[in-house]
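*Asks:* build me a model from this:
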Amino acid sequence: MFRRTFWFTAGAAAGVWATTKVNRKIKQLTPESLAAQAADKAIVAGHKLKDFALDVREGMVRREAELGEALGLEAADPRELPPARRPAVEAADADPAMYRTLPYHSYNRNEDH
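*Replies:* The predicted structure is shown next:
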């Protein structure tokens, strides 16, 4: 009798665990959740691209100065690069995961239930 109760309880627990895992995965694959994930990755890629461009700009200015010094050229008309633009997002240093957390719950009443 005890063995049957044990295996029944173990099976019920496994069923609840599996159902919970499947429901979480289904919620992650909704169109709203996929759109949120894509937007977050696009924001992260934009920040990385901006950082890369700033590093290239800094390296270019440094290398031009090194070459000018090595060749003995003193720039009579020092041209500086235009100042960097203001970031589109004020919190550029913020963690992108801060914007949305997954699973993203939409409160759209037009969803199928």
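*Asks:* my guess is Lys27 contacts Lys21. True?
*Replies:* No: Lys27 is beyond contact range of Lys21, at 11.1 Å (criterion: C-beta atoms under 8 Å). Quick note: C-beta positions are derived from backbone N, CA and C, even for glycine.
*Asks:* more neighbours: which of the two?
*Replies:* Comparing Lys27 with Lys21 by other C-beta atoms under 10 Å, the one with more neighbours is Lys27, at 15 against 10.
*Asks:* what about that one, which helix or strand?
*Replies:* helix 2-28 (DSSP states H and E).
*Asks:* any idea how far Ala13 is from Arg3?
*Replies:* Distance of Arg3 to Ala13, computed by C-beta to C-beta, to the nearest Å: 16 Å.
*Asks:* please identify which of these two sits among more neighbours.
*Replies:* Neighbours per residue (other C-beta under 10 Å) separate Arg3 from Ala13, with Ala13 holding more: 10 against 7.
*Asks:* how far away is the more buried one from Phe6?
*Replies:* 11 Å.
*Asks:* and for Ala70?
*Replies:* Applying C-beta to C-beta to Ala70 and Phe6 gives a distance of 80 Å.
*Asks:* ok, now Arg85?
*Replies:* 66 Å.
*Asks:* look at these two and report which has more neighbours.
*Replies:* Taking other C-beta under 10 Å, Arg85 and Phe6 do not tie; Phe6 has more neighbours (10 against 7).
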